[in-house]
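# what shape does this take:
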Amino acid sequence: MHAILEDTADDLLAVRVEGKITRDDYRVLAEQIDTTVERHGSVRLLVEVGRLEGIAPGVFWEDLKITLKHYRHITRMAVVGEARWLERWVGVGNKLSPGVEVEHFDATRRGDALAWVADGDSHRRVYRPAAERTPTERPAG
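Okay, the predicted model is just below:
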């Protein structure tokens, strides 16, 4: 399931995903991204990942479809969460979406993630896993 967070404004779409993630969740998210892109020409994403109970078959296909449709429109994406697989997922996603700045942040650095994703207008592709950054280092951009 996902929820739109109160940080959503203008071209910033902030969502929290947790529980069981379904294809329908991704379809709804795709509609929200479509709407944001139609209104603003681009979208910045803040994705908070909570405790996941499972990912339904087909979810990764939906994720790939969103990426392929909108990789030119997503200017920055911050993924916030503790799970180790998130860094690997962010790294793979970064390779599949040229031109998108993607960063992973520990859950304790949510404020930094929000500031980073809201701040940049750059389309430079930058990715460094959270483990490679010092706690006080702000991501490039």
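# can you pull the buried residues of the longest strand along the chain?
Once the chain is assigned using DSSP state E, the strand that runs over the most residues is strand 43-55. Judged by neighbour count (16 or more other C-beta atoms under 10 Å), strand 43-55 contains these buried residues: 43, 44, 45, 46, 47, 48, 49, 50, 55. (Glycine included, C-beta is placed from N, CA and C.)
# CA atoms only: put the next helix-or-strand element following it into CSV for me.
Next in sequence after strand 43-55, counting helices and strands by DSSP states H and E, comes helix 59-70. Output of helix 59-70 as CSV, limited to C-alpha atoms (Å, rounded to 0.1, in the frame of the first residue of the first chain):
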residue,chain,number,x,y,z
VAL,A,59,5.1,-5.1,-9.3
PHE,A,60,8.6,-4.9,-10.7
TRP,A,61,7.1,-4.9,-14.2
GLU,A,62,4.9,-2.0,-13.2
ASP,A,63,7.9,-0.2,-11.8
LEU,A,64,9.8,-0.7,-15.0
LYS,A,65,6.8,0.6,-17.0
ILE,A,66,6.8,3.8,-14.9
THR,A,67,10.5,4.2,-15.3
LEU,A,68,10.4,3.8,-19.1
LYS,A,69,7.5,6.2,-19.5
HIS,A,70,8.8,8.9,-17.2
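# partners of the helix or strand following helix 59-70, with directions?
With elements assigned by DSSP H and E, the helix or strand that comes after helix 59-70 is strand 74-80. The strands that strand 74-80 pairs with in its sheet are strand 43-55 (parallel), strand 101-105 (parallel) (by DSSP bridges).
# where among these is average confidence lowest?
Across the strands paired with strand 74-80, strand 101-105 has the smallest mean pLDDT, namely a mean of 86.
# ok, then the element right after it?
Next element after strand 101-105 (DSSP H and E): helix 110-119.
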